[in-house]
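A.B. asks: show me how the following folds:
(chains A and B)
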Amino acid sequence: DVKVTQSSRYLVKRTGEKVFLECVQDMDHENMFWYRQDPGLGLRLIYFSYDVKMKEKGDIPEGYSVSREKKERFSLILESASTNQTSMYLCASCMNSNEKLFFGSGTQLSVL
Amino acid sequence: AQKITQTQPGMFVQEKEAVTLDCTYDTSDQSYGLFWYKQPSSGEMIFLIYQGSYDEQNATEGRYSLNFQKARKSANLVISASQLGDSAMYFCAMRDRRNEDSSYKLIFGSGTRLLVRP
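C.D. replies: As a prediction, the model looks like this:
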């Protein structure tokens, strides 16, 4: 089975901290995605990557950056965490855009 | 601009009855794909069904079927014979790209919370 692993299930950080959310997939997928999920807003795409070292902005990239140095790993970076970045963060991957996404179990981030 | 619209924030259905969850979309692409995902209270995202824009038949997967009306740009999910375990959030999603030079990505609607009553 495809596995998408997010390093933390729960994370509590302080305003202004630099935060790294890590995601690893084990199926050699080309495409990886970072979403945030907020009640009433569904899943909103932050950034995605279709190849190593390639990245593309999603719908809400402000305040975030990403890194994809290796195919299996896609990191989401909050340069200076703010309280409005408190959310559930979901990582996903797929081989190509016609295929279903495989999701990680999510990271609930609280910024105090 | 939001391209996937789910107008039902919450719905109830009686166990064993059928229920339709609405989804409308907007795209200028001729080739696109539509997906439905289920998210139970545990938080995991479960893929349910996929419909390609060129598929002539409506997609079906067990008790799930997708009522695809291309001219109306709707892709409603129909769950037949509802079970208590169907209680969850349901998300409609579409493969989309910003422009012809961009890569495809998956965008989601705001979701519908379904509660199945015994």
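A.B. asks: enumerate the residues of chain A near chain B.
C.D. replies: By CB under 8 Å from any CB of the partner chain, the residues of chain A that approach chain B are A:31, A:33, A:35, A:40-45, A:48, A:50, A:56, A:58-59, A:88, A:90, A:92, A:97-98, A:100-101, A:103, A:105-106. The C-beta positions use only the backbone N, C-alpha and C, and glycine is treated the same way.
A.B. asks: where does chain B dip in pLDDT?
C.D. replies: B:1-2, B:98-102 (pLDDT under 70).
A.B. asks: so which residues on it come close to chain A?
C.D. replies: B:4, B:6, B:9, B:33, B:35, B:37, B:43-45, B:47, B:50, B:52, B:91, B:93, B:95, B:102-111.
A.B. asks: going by secondary structure, residue B:68 is in what exactly?
C.D. replies: Using DSSP states H and E, residue B:68 sits within strand B:64-69.
A.B. asks: buried residues in that strand, which are they?
C.D. replies: Within strand B:64-69, the residues scored as buried using 16 or more other CB atoms under 10 Å in any protein chain shown are B:64, B:65, B:66, B:67, B:68.
A.B. asks: what about the closest residue to the fourth one other than its chain neighbours, which SS state?
C.D. replies: Pointing back at residue B:67 there. Distance criterion CB to CB, 6 or more residues apart in numbering or on different chains; nearest residue to residue B:67, sequence neighbours excluded, is residue B:76 at 4.4 Å. Classification of residue B:76 using DSSP: H, G, I helix; E, B strand; the rest coil returns strand.
A.B. asks: cool, and residue A:80?
C.D. replies: At residue A:80 the chain is in coil, as set by three-state DSSP.
A.B. asks: per-residue pLDDT of the closest residue to it other than its chain neighbours, please?
C.D. replies: In space, and not counting its chain neighbours, residue A:80 is closest to residue A:16: 5.4 Å by CB to CB, 6+ apart. At residue A:16, the model reports a pLDDT of 97.
A.B. asks: give me phi/psi at residue A:16?
C.D. replies: phi 90, psi -10 (degrees, to the nearest 10).
A.B. asks: thinking it is in contact with residue A:78, fair?
C.D. replies: No - contact criterion CB atoms under 8 Å: residue A:16 and residue A:78 do not qualify, at 10.1 Å.
A.B. asks: partner strands of the one helix or strand residue B:20 maps to and their direction?
C.D. replies: Assessed by DSSP H and E, residue B:20 sits inside strand B:19-21. Sheet pairing for strand B:19-21, assigned by DSSP bridges, gives strand B:74-79 (antiparallel).
A.B. asks: got the angle for the partner strand vs strand B:64-69?
C.D. replies: Here the directions of strand B:74-79 and strand B:64-69 differ by 160 degrees (axes from the mean of the first three to the mean of the last three CA atoms, to 10 degrees).
A.B. asks: please save the CA atoms from strand B:74-79 in CSV.
C.D. replies: Only the C-alpha atoms of strand B:74-79 are listed here, as CSV (Å, rounded to 0.1, in the frame of the first residue of the first chain):
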residue,chain,number,x,y,z
SER,B,74,-22.5,19.3,-12.2
ALA,B,75,-21.1,16.1,-10.7
ASN,B,76,-23.3,15.0,-7.9
LEU,B,77,-22.5,12.0,-5.7
VAL,B,78,-25.3,9.5,-5.1
ILE,B,79,-25.0,7.1,-2.2
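A.B. asks: show residues contacting it.
C.D. replies: B:13, B:18-25, B:34, B:36, B:48-49, B:51, B:63-69, B:86, B:90, B:92, B:114 (CB atoms under 8 Å, 6 or more residues apart in numbering or on different chains).
A.B. asks: re the thing from before, helix or strand next in line after the strand holding residue B:20, which one?
C.D. replies: strand B:24-25.
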